[in-house]
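Q: got a structure for you, letters missing:
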């Protein structure tokens, strides 16, 4: 096992090539993998974003080896290349389960002839397992997604669409270009139910969507736009800079990453991020009371991780969904 670059508070960070570090991790030692790998498009002419590592089947095979049976993998991708990412993940032996779209308002087109970027796909995959999902959940907490921990602010079932405010939105008002305000403008203000309690034989919404005789449903009885059906996250800067000038240009919002690790990792479990970047996934796992293992090849980025992880923190200081 290589000497960690950083180790404290349940977080271990390795500096090096993931293809070298992953084989040193124990088999079936990881509960969930949440990773924002290189998009392989040479973003801002960065060499680390055009190595082909995200399409490497051997790498994803190592991820499958260290992941416990029934454990989930979440991997961000770029709209131009996520199909190759998903194929590599599937070729390694994972089962593709879904695709989450993170929709945001802060993107800018790369040129006058390109569309404005406003979404990033997140591939949802799961390690194969034997037996039933229910039995696996009861014994290990794996196999299924943690729906109850990730419901919307209105208590609704989490969707495979996540919304992000525009950077110019405030707590009291959204700008016109914000995806959330635009969705609400198009849907208009509507009321959902009356708050009544209903019992129906085999009702679809009962029992986690499966429905059984005698299941009880409480209608929401709330009023608002369609955005209340989706998890919503506040904008955070897409550039992470430390005092010494080191920068990472593609970090994700901490609240988003906390939601994602809650979705796939049982309480107290271990999250792996083999492309740690500025360390947001590691911070998110730590703040959620989980352990985390990170790998980062770029030394400047590893230093950013170390600095951020070394800053004083309190989980109560962070909001989950805004």
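A: Perfect, thanks for sending it. Keep in mind that what you see is a predicted model, and the values were worked out from it rather than measured.
Q: Any idea how far apart the tips of stretch 177-194 sit?
A: 32 Å (CA to CA, to the nearest Å).
Q: which other residues reach it?
A: The contact list for stretch 177-194 (CB atoms under 8 Å, 6 or more residues apart in numbering) reads 103-105, 118, 163-166, 168-169, 174-176, 219-227, 232. Any C-beta I mention is one placed from the backbone N, CA and C, and that applies to glycine too.
Q: mind listing which of these are in strands?
A: Taking DSSP state E as the definition of strands, the contacts of stretch 177-194 contribute 103, 163, 164, 222, 223, 224, 232.
Q: what sits opposite the fifth one in the beta ladder?
A: In other words, residue 223. Using DSSP bridges, the bridge partners assigned to residue 223 are residue 191.
Q: now do the second one
A: With beta bridges defined as DSSP bridges, residue 163 has these partners: residue 103, residue 232.
Q: wait, what's in contact with it?
A: 103, 104, 179, 180, 183, 227, 230, 231, 232, 233.
Q: go on, residue 37?
A: Applying CB under 8 Å, 6+ apart, the residues near residue 37 are 53, 54, 75, 76, 77, 85, 274, 275.
Q: Please flag which of these sit within helices.
A: Per DSSP state H, helices hold the following members of the contacts of residue 37: residue 85.
Q: distance of the residue most central in space within the chain from residue 162?
A: When CA atoms, centre = their mean is applied to the chain, the residue found nearest the centroid is residue 260 (3.4 Å). Distance, residue 260 to residue 162, by CB to CB, to the nearest Å: 9 Å.
Q: try residue 87
A: Distance, residue 87 to residue 162, using CB to CB: 23 Å.
Q: Separate out the buried members of the contacts of stretch 177-194.
A: Buried by 16 or more other CB atoms under 10 Å: 103-105, 118, 163-166, 169, 174, 220, 224-225, 227, 232, out of the contacts of stretch 177-194.
Q: what pLDDT does the residue nearest to the centre of the chain get?
A: Looking at residue 260, its pLDDT is 98.
Q: In a helix, it, correct?
A: Yes - counting by DSSP: H, G, I helix; E, B strand; the rest coil, residue 260 is part of a helix.
Q: List phi and psi for residue 106.
A: Backbone torsions for residue 106, taken as degrees, to the nearest 10, come to phi -100, psi 10.
Q: Look up how far residue 255 lies from the nearest residue to it once chain neighbours are set aside.
A: Counting by CB to CB, 6 or more residues apart in numbering, residue 167 is the residue found nearest to residue 106 once chain neighbours are left out, at 4.7 Å. Residue 167 is 14 Å from residue 255, where distance means CB to CB.
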